[in-house]
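Participant: okay, sequence plus prediction incoming.
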Amino acid sequence: MQRRSLLLAAPALLAATTLPLRAAQPAGGTLPVLQVWKDPNCGCCNDWIKYLQRDGFQVQTFDTGNTAVRKRLGLPDKFGSCHTALIGGYVVEGHVNAREIRRLLAEKPKAIGIAVPGMPVGSPGMDGPEYGDRKDPYDVVLVVPNGSSRVYQSYFRN
């Protein structure tokens, strides 16, 4: 009898646990693979990748540096950081939050991509124990085709 109850409850349990994940994904359901170019010795890049993998992203890494790729993808240097990623045709530069990557894929704006210029402490991958509880304010910017930008999301600003 207990086995039958479990079998009858399984579909509801599956729906309850997967529905929130699906709701946060783009219209197509599954996320495209995120390709990341970085320095092989960069610990914060590796931490950012682990953060995204825990959030459900499939990540393919290229330990070849990111400067040439950033230039090839058309992202101006002023938005540069220690790693460059590509997902769904968009550039993701630096320590961008998973939530903003999902938002970008869902909204599909006319843009080169999004960026967190520099390496702000408290951003994903820059939030390890070596930084204590420090969280510097930073912006995720949307970079449009003419190279200009606007704030897409702010973090830790009062």
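Facilitator: All right, it came through fine. Bear in mind the structure is a predicted one, so any value in this text is a computation, not a measurement. Numbers count the residues shown, from 1 in each chain.

Participant: could you pull out the helices for the chain?
Facilitator: 2-23, 43-54, 67-72, 98-107 (DSSP state H).

Participant: other SSEs contacting the shortest one?
Facilitator: Here helix 67-72 is seen to pack against strand 83-87 when contacts are counted using 3 or more C-beta pairs under 8 Å, 6 or more residues apart in numbering; DSSP states H and E. In short, each C-beta sits where N, CA and C put it, glycine included.

Participant: how about the strand it packs on as CSV, C-alpha atoms only?
Facilitator: Output for strand 83-87, consisting of C-alpha atoms alone and laid out as CSV, is shown next (Å, rounded to 0.1, in the frame of the first residue of the first chain):
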residue,chain,number,x,y,z
HIS,A,83,36.5,36.3,-18.1
THR,A,84,34.3,36.6,-21.1
ALA,A,85,31.3,34.3,-21.8
LEU,A,86,28.9,33.7,-24.7
ILE,A,87,25.4,32.4,-24.3
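
Participant: just how off-centre is that strand within its chain?
Facilitator: Relative to its chain's centre, strand 83-87 lies at 9 Å (C-alpha atoms, centre = their mean, to the nearest Å).

Participant: so how far is Ser148 from the closest residue to Leu86 other than its chain neighbours?
Facilitator: Nearest non-adjacent residue to Leu86, counting by C-beta to C-beta, 6 or more residues apart in numbering: Gln35, 4.8 Å away. Computed as C-beta to C-beta, to the nearest Å, the Gln35 to Ser148 distance reads 25 Å.

Participant: ok, these two, which is more surrounded?
Facilitator: Set side by side, Gln35 and Ser148 show more neighbours around Gln35, with 16 against 10, by other C-beta atoms under 10 Å.
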